[in-house]
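A predicted structure for the sequence below; I have some questions about it.
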Amino acid sequence: MWLLPYNKWTGIGMLHPGRYWCHCRMVYLPMSYIYGLRGTCKETALTAAIRAELYPMPYDTIDWNAARNQIAKEDLYYPHPLIQDILWWSLYQAEGLLLGSRLRKAALKECMKHIHYEDENTRYVDIGPVNKVINMLCCWFEDPDSLAFKKHLPRVHDYLWVAEDGMKMQGYNGSQLWDTSFAVQAMLDSGLVDVAANALKKAHNYIEQSQVVQEADPPLSAYYRHISKGAWPFSTRDHGWPISDCTSEGFKAALGLAALQNPDLVGEGLSLERLEQAVEVILSYQNRDGGMATYENTRSFHALEIINPAETFGDIVVDYSYVECTSACVTALTAFQKLHPGTKLSSRIKSCLDKAESFIRRIQRPDGSWYGSWGVCFTYGTWFGVTALASGGATAANDESVRKACSFLVERQRLDGGWGESYLSCQDKAYSQLEGDSHVVNTAWAMMALLAADYHTVDPKPLHKAAVYLMRSQQESGDWPQQHISGVFNRNCMITYANYRNIFPIWALGLYRRLVLQGMTRASSSSSTDDQAWMCCMSDFFVASAQQQQR
């Protein structure tokens, strides 16, 4: 398939792997090489022991054709449709005819070209742990003594960590930039600049170092890569894959720190040139539907999901537009417009914001919520949906969409004052209450959505109750407890974000203190009385803080 034409006009080009979601194609790329090569190793006592541990029957007796559809019912999220069964059976019967052919050799060469490109442009970290280890295996099969294979070895450690119950491999090489960006915004919005200045300065340095300052090797189109210069990744600059919401959150943190105008306290702000490079990347993510996807634009039809072979995951074949990605981009661009009005990018930003707002309103569910695809779940998505609309001036008092979203949240507040949503919401796409106590992270997300909507001016009681719950849940050490899982990807795979339990309660309580207890309003904390739109993570408080520092 990697030898197919990519151009749309060919028709078949819409099936080219270069149009798949990057995680999908980068996993199946090395897998196809290993299988196409029929890569095997000599059987040893170790391989025999591994096979005995993995398979419930003797390895030599396995019917691999039948095994294709054998999966534990607990893991089966996306059952193969009939068309897949027919397709995979047909390929299984015909594929062997190409072994040793010129076409097979050309295809294997094309695969290795893309594998080496991925390795070299991520400093051998690769986009994730699965293609990392299989890429390394491909390099070994190509040449066990190669420099490429040797460069892979030390970067295995980027993914390994030791937990209480033994060695584990992370689903990414970390969430360093993501966590740092949220932590910075939480401290800034909470008015903690003085007490957290040292931490903010270190974080500022990391954010500066993590911005991608060099484009991937040219030509990008030959390797189906999106632009990346100016972007921020999820983790580290070495990893380098640009992501829309990571770029936007890193960008907002950088903007907020620069707006303090106090380099002695928190470090020197990024130059306007580097900020504009980030804006260019953010603008590039907008799809035809007005929304933003994750790593790249949507490149083919959603209907391609019918060939999704990963029975445990949903929505993996193409990159989709998401409320979280779109909202992060909206709030980032809105903040940039406020702090840097009248730049050469202003007209493009306005056009982008108009389309993005229409997308966010269009995908709101009838009950007022948004489905969250990267956190649990409707609480997370609704926080992003509300803050995007609020950045344009919408509130619970003047906007029906925001009003419906607030009603959705308030109706699901629990007796203890908190919110608690189960990961089952992600799988079932219907709100599911968590058993037992409420969840501090869910509660913080709900509070920030209500605060962004100015709901406290309508009815502050839900926010009072939620604040009491968060304060009551804090431990003597200052930490909040690690509760049920709060992250997710591809509908059915949950992710632990250990820092969320502290970042978001601090953020929510900080905003509650300023907006509810201290009575700050958008106008009173703004340097511009005619622009009272909520900036979400990039709030007007930064400007107020900068003015206080100067005085």
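Ah, there it is. Numbers count the residues shown, from 1 in each chain.

what ranges do the helices span in the stretch 101-250 of the chain?
102-121, 129-142, 147-152, 176-189, 197-210, 244-259 (DSSP state H, counting those that start in this stretch).

Turn these into CSV, including mean pLDDT.
Putting the helices of the stretch 101-250 of the chain into CSV (pLDDT from 0 to 100) gives the following:
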stretch, mean pLDDT
helix 102-121, 97
helix 129-142, 97
helix 147-152, 98
helix 176-189, 95
helix 197-210, 96
helix 244-259, 95
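
just those: most buried one?
helix 244-259 (a mean of 28; mean count of other CB atoms under 10 Å). Placement of C-beta: from N, CA and C, glycine included.

Would you mark the buried spots in the helix or strand just after that one?
Remark: after helix 244-259, the chain's next helix or strand is helix 263-266, criterion DSSP states H and E. Under the neighbour-count criterion of 16 or more other CB atoms under 10 Å, helix 263-266 has 265, 266 buried.

Relative to residue 489, how far out is residue 495?
6 Å (CB to CB, to the nearest Å).

Tell me the residues that contact both of the two, please.
Common contacts of residue 495 and residue 489 (CB atoms under 8 Å, 6 or more residues apart in numbering): residue 171.

Which of the two has more residues huddled nearby?
Comparing residue 495 with residue 489 by other CB atoms under 10 Å, the one with more neighbours is residue 489, at 19 against 16.

picking up where we left off before, could you point out which of the helices of the stretch 101-250 of the chain sits nearest residue 279?
helix 244-259 (7.8 Å; CB to CB).

tell me the angle the closest one makes with helix 176-189.
40 degrees (axes from the mean of the first three to the mean of the last three CA atoms, to 10 degrees).

tell me what helix 244-259 is packed against?
helix 176-189, helix 197-210, helix 272-284, helix 323-339, helix 541-550 (3 or more CB pairs under 8 Å, 6 or more residues apart in numbering; DSSP states H and E).

Ok, which of those helices comes nearest residue 92?
helix 323-339 (36.9 Å).

can you count the residues close to residue 479?
Around residue 479 there are 11 residues (other CB under 10 Å).

Read off the pLDDT value for it.
Residue 479 is assigned a pLDDT of 95 by the prediction.

cool, and residue 507?
So residue 507 comes in at 96 (pLDDT).

Now it: closest residue in space that isn't a chain neighbour?
residue 186 (3.6 Å; CB to CB, 6 or more residues apart in numbering).

what about that neighbour, distance to residue 213?
26 Å.

same thing with residue 273?
On the measure of CB to CB, residue 273 and residue 213 end up 11 Å apart.

So between these two, which is more surrounded?
Per other CB under 10 Å, whichever of residue 273 and residue 213 has more neighbours is residue 213, with 14 against 8.

residues near the closest residue to that one other than its chain neighbours, how many?
Excluding its sequence neighbours, the residue lying closest to residue 213 (CB to CB, 6+ apart) is residue 229, at 6.7 Å. Number of residues near residue 229 (other CB under 10 Å) recorded here: 16.

May I see the buried residues of stretch 405-418?
405, 406, 408, 409, 410, 412, 413, 414, 416, 417, 418.

That should have said stretch 295-310, apologies.
For stretch 295-310, by 16+ other CB under 10 Å, it's 295, 296, 297, 298, 299, 300, 304, 308, 310.

CA atoms of it as CSV?
C-alpha atoms of stretch 295-310 as CSV (Å, rounded to 0.1, in the frame of the first residue of the first chain):
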residue,chain,number,x,y,z
TYR,A,295,-1.2,15.9,14.7
GLU,A,296,-2.3,16.7,11.2
ASN,A,297,-5.3,17.6,9.2
THR,A,298,-8.0,15.1,8.3
ARG,A,299,-6.6,13.6,5.1
SER,A,300,-9.3,11.1,4.0
PHE,A,301,-12.8,10.0,4.6
HIS,A,302,-14.2,9.1,8.0
ALA,A,303,-15.6,6.0,6.3
LEU,A,304,-12.1,4.5,6.2
GLU,A,305,-12.8,3.6,9.9
ILE,A,306,-14.4,0.5,8.5
ILE,A,307,-10.9,-1.0,8.0
ASN,A,308,-9.9,-0.3,11.6
PRO,A,309,-8.2,-3.7,12.5
ALA,A,310,-7.5,-2.8,16.1
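
just to revisit the earlier point, and the residue nearest to residue 213, what does it touch?
Here residue 229 is in contact with 212, 213, 214, 215, 277, 281 (CB under 8 Å, 6+ apart).

Can you give me every residue that contacts the second one?
By CB under 8 Å, 6+ apart, residue 213 lies in contact with 229, 230, 237, 274.

Tabulate those in TSV, adding columns for pLDDT.
Converted to TSV, these look like this (pLDDT from 0 to 100):
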residue	pLDDT
229	97
230	97
237	96
274	96
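
Distance to residue 369 added to the residues you listed, as TSV?
Shown next, in TSV, are the contacts of residue 213 (distance: CB to CB, whole Å):
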residue	distance to residue 369
229	36
230	33
237	36
274	36
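
In these, find the pair that's most separated.
237 and 274 (13.1 Å).

Mutual contacts of those two, please.
211, 213.

if I look at residue 52, how far off is residue 70?
18 Å.

rewinding a little: out of the contacts of residue 213, which is most surrounded?
Neighbour-wise, those (other CB under 10 Å) top out at residue 230, 23 neighbours.

need the contact list for that residue.
Neighbours of residue 230 in contact, by CB under 8 Å, 6+ apart: 211, 212, 213, 247, 274, 276, 277, 278, 279, 280, 281.

For PyMOL, what selects the buried ones among those?
A single PyMOL command selects the buried members of the contacts of residue 230 (16+ other CB under 10 Å):
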select buried, resi 211+212+247+274+276+277+278+279+281
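
which residues of the stretch 401-550 of the chain score low on pLDDT?
522-550 (pLDDT under 70).

Would you map the helices across it?
Under DSSP H, counting those that start in this stretch, the stretch 401-550 of the chain gives helices at 424-428, 440-452, 461-473, 500-512, 541-550.

what inclination does the second one have with respect to helix 323-339?
Helix 440-452 and helix 323-339 are oriented at 40 degrees to each other (the same axes, to 10 degrees).

which strands and helices sit next to helix 440-452?
helix 378-390, helix 400-411, helix 461-473, helix 500-512.

cool, and the third one?
Of the remaining helices and strands, those touching helix 461-473 by 3+ CB pairs under 8 Å, 6+ apart are helix 440-452, helix 500-512.

who's in contact with that helix?
409-410, 413, 416-419, 438, 440, 443-444, 446-447, 450-451, 455-456, 480-481, 505, 508-509, 512, 516.
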